[in-house]
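S.K.: Provide a 3D model corresponding to the input given below.
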Amino acid sequence: MPAAVRGGPRKPARPRAEAPASPNTTRPASRGPAQPAGKLHAARGGVGVSPGLALSIAGGALVLALVVTLATGHRAQRLGEAMVHGVDGEFANLGFKLKTVHVTGASATAQADILKATGLYQDQPTLGMDLVDLKTRVEGVGWVKSAKVVRLLPDTVMIAVEERPALAVWQHSGRLKVIDAEGRIIREADAARFPHLPLVVGQGADQAAGNILPAVNARPRLRDRLEALVRVDDRRWDLRLKDGSLIQLPAIDEESALIQLDQLDQRQRILDLGFARIDLRDPEMVAIRPRDSVLPGQPVANGA
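M.R.: Numbering: from 1, shown residues only. Reported below is the predicted structural model:
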């Protein structure tokens, strides 16, 4: 006998009505159109990706591209490069793009040339930067002796340089070039903008200037009257003063000759009185030619 069912046949169960949402419950926000990427903190607020996780994802993509390249050759290499560029672009949308470049250790004049040489631009993806190539480009600037480049994620590049100070203006073959203490030409420097630098003239003057100029600069009375240092036969110096006077230095032991000049100036104030020529080439004798004895048309500085 069939079992009896209380209440008659069972009806299908109706779905239960949902309880009204509590005012303290937060519903998921509806997805609207994608917002353009803004500053880093705005991008993080919308996406919720930490820099560590972002770097992990980027590293995984790069490893994958490398594995495919090793397995299939140059075609896959091009594919891998495209993948890397795509990853860079995606992370740029998350805020990993260049906003600031800091240059330290360089003068204001050198900074402009350094920034130009980097080739960096606003909103450039920071993860795809080749820091080795960037360092090479910075050290190719004439002002820069050495450089260190650091990327600070998400949006900053730091460039610390050791600058080559400008020592003198070198005149040779009718051209003026700014040089440093090692005789290296600073290509980016316009000589016309450095009238305060001493002028060195002649072949070999660029390489020898670093030895003579500290001794001259240590003597303010001589330095302030100096018009040019002329290199003679790439062996020795003639010092041409602004009043037309000429001081001939020996090929060796220039410091001793300058000490002799100091002593002479202290006794007779010779630099104030003026002269045609002082010959210091013989360490045993100082020859002075008064200005009145200069012959008309006589060349100075051996024609340099």
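
S.K.: Thr100: neighbour count?
M.R.: Using other C-beta atoms under 10 Å, the number of residues around Thr100 comes to 10. Quick note: C-beta positions are derived from backbone N, CA and C, even for glycine.

S.K.: and Thr109, that's in a strand?
M.R.: No - applying DSSP: H, G, I helix; E, B strand; the rest coil, one finds Thr109 to be helix, outside a strand.

S.K.: I'd say it and Phe194 touch.
M.R.: No - judged on C-beta atoms under 8 Å, Thr109 makes no contact with Phe194 at a distance of 9.4 Å.

S.K.: which residues do those two both contact?
M.R.: Taking C-beta atoms under 8 Å, 6 or more residues apart in numbering as the contact rule, Thr109 and Phe194 have no neighbour in common.

S.K.: pLDDT below threshold where in the stretch 201-304 of the chain?
M.R.: Applying pLDDT under 70 to the stretch 201-304 of the chain flags the ranges 293-304.

S.K.: what about the helices in it?
M.R.: 205-217, 220-223, 254-268, 270-273 (DSSP state H, counting those that start in this stretch).

S.K.: how about these in TSV, adding mean neighbour count and distance to Lys242?
M.R.: Below are the helices of the stretch 201-304 of the chain laid out as TSV (neighbours: other C-beta atoms under 10 Å; distance: least, C-beta to C-beta, whole Å):
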stretch	mean neighbour count	distance to Lys242
helix 205-217	18	14
helix 220-223	14	11
helix 254-268	15	16
helix 270-273	15	11
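
S.K.: Distance to Arg184 added to those helices, as a markdown table?
M.R.: Formatted as a markdown table, those follow (distance: least, C-beta to C-beta, whole Å):
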| stretch | distance to Arg184 |
| --- | --- |
| helix 205-217 | 8 |
| helix 220-223 | 23 |
| helix 254-268 | 22 |
| helix 270-273 | 32 |
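
S.K.: between the ones you listed, which gets nearest to Ala189?
M.R.: helix 205-217 (13.5 Å; C-beta to C-beta).

S.K.: now the angle from the closest one to helix 254-268?
M.R.: Orientation of helix 205-217 against helix 254-268 (axes from the mean of the first three to the mean of the last three C-alpha atoms, to 10 degrees) gives an angle of 40 degrees.

S.K.: Could you list every helix and strand that helix 205-217 packs against?
M.R.: Judged by 3 or more C-beta pairs under 8 Å, 6 or more residues apart in numbering; DSSP states H and E, the packing partners of helix 205-217 are strand 168-172, strand 175-179, strand 199-201, helix 220-223, strand 226-232, strand 236-241, helix 254-268.
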